[in-house]
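1. I need the structure of the sequence given here:
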Amino acid sequence: MDREQLYYVLFEQQKDFKKKEDFVPRELTSEVLSRLHLKLPIIITGLRRVGKSTLLKILTEELNLSDKECFYINFNDERLISFTPSDFQKILDFLNEQDYKENCYLFIDEIQEVSKWEKWIDRIKEKYSIIITGSNSKLLSKEISTVLTGRSVNVSLYPFSFKEVLASKNIKLNEIKLDLKLQAQVRKEFLSFLNKGGIPKPVIDDDEKLLVELYENII
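-> Numbers count the residues shown, from 1 in each chain. Presented below is the predicted three-dimensional model:
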């Protein structure tokens, strides 16, 4: 892949990743943070659209990382379709040329879209703090265990729990025993949760059509 083209995409992805947004807190955040001391690549797997990319942004905020303390790349970007294993070194060149800090965090999204990624990760894992996401459709946990046996930490991200659904609706349960209206609202949300599940975007946007399309694509 042309170096200039790759650098352009990397610059654009950094800008998009660092845009300020409001996020629904995810319960998996604390588990991922608790694994960082192991100094091993952390691989987050899950269904499509369960919020893996958003979790990376949440982790950036929780760790209070500056621009040069974290780097993000999304391999699901169609502009990277010509990316080959030989281009991995160009990413490291980019980090050096742009004065990223030593042992900065590498947030690598949808790693399954490129081949030979495990060789690269194994080579650089001692130098950088690495958090990777991959979709279950192409990168199952057992496959990760095969390519990085004993050299990574695997965690799974699931759709919203009911607690996370309530958080997305800004429903607080502190006064639920005293508030009959709130109780009715919680029951209504629970019935919806049982019927539709907790895929984040359809829940937040209350878009049943999007949910149907997503399940059809997964199946």
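2. which residues of the protein score low on pLDDT?
-> 136-147, 149-150, 175, 178 (pLDDT under 70).
3. Summarise which helices and strands the lengthiest helix in it is packed against.
-> Ranked by residue count, the top helix of the chain under DSSP state H comes out as helix 180-196. The elements that helix 180-196 packs onto, with contact taken as 3 or more C-beta pairs under 8 Å, 6 or more residues apart in numbering; DSSP states H and E, are helix 162-168. C-beta: built from backbone N, CA, C; applies to glycine.
4. Check which residues of the helix it packs on are buried.
-> 164, 165, 166, 167, 168 (16 or more other C-beta atoms under 10 Å).
5. hey, where'd the strands end up in this protein?
-> Applying DSSP state E to the chain gives strands spanning 42-46, 70-74, 105-109, 129-135, 153-156.
6. Select, out of those, the one closest to residue 59.
-> Residue 59 lies closest, by C-beta to C-beta, to one member of these: strand 129-135, at 6.7 Å.
7. So which elements touch that closest one?
-> strand 42-46, helix 52-62, strand 105-109, helix 117-124.
8. which residues does the residue nearest to residue 199 when sequence neighbours are not counted contact?
-> Nearest residue to residue 199, sequence neighbours excluded (C-beta to C-beta, 6 or more residues apart in numbering): residue 159, at 5.0 Å. Going by C-beta atoms under 8 Å, 6 or more residues apart in numbering, residue 159 touches 47, 50, 197, 198, 199, 200.
9. can you tell me how far residue 159 sits from residue 202?
-> 10 Å (C-beta to C-beta, to the nearest Å).
10. Residue 20 too?
-> Distance from residue 20 to residue 202, by C-beta to C-beta: 24 Å.
11. So between the two, which is more surrounded?
-> residue 202 (22 against 6; other C-beta atoms under 10 Å).
12. Might one say that the more buried one is in contact with residue 215?
-> No - counting by C-beta atoms under 8 Å, no contact exists between residue 202 and residue 215, whose distance comes to 9.5 Å.
13. Got the domain ranges for this protein?
-> 3-156, 162-218 (automatic domain parsing).
14. tell me the contacts of the nearest residue to residue 202 once chain neighbours are set aside?
-> The spatially closest residue to residue 202, leaving aside those adjacent along the chain, is residue 211, at 3.8 Å (C-beta to C-beta, 6+ apart). Residue 211 is in contact with 196, 197, 199, 202, counting by C-beta under 8 Å, 6+ apart.
15. Any idea how many residues pack against the third one?
-> A count of nearby residues for residue 199, using other C-beta under 10 Å, gives 21.
16. Quickly note the distance from it to residue 206.
-> 12 Å.
17. which of the domains of the chain is buried the deepest?
-> Of all the domains of the chain, domain 3-156 has the most neighbours on average by mean count of other C-beta atoms under 10 Å, namely a mean of 16.
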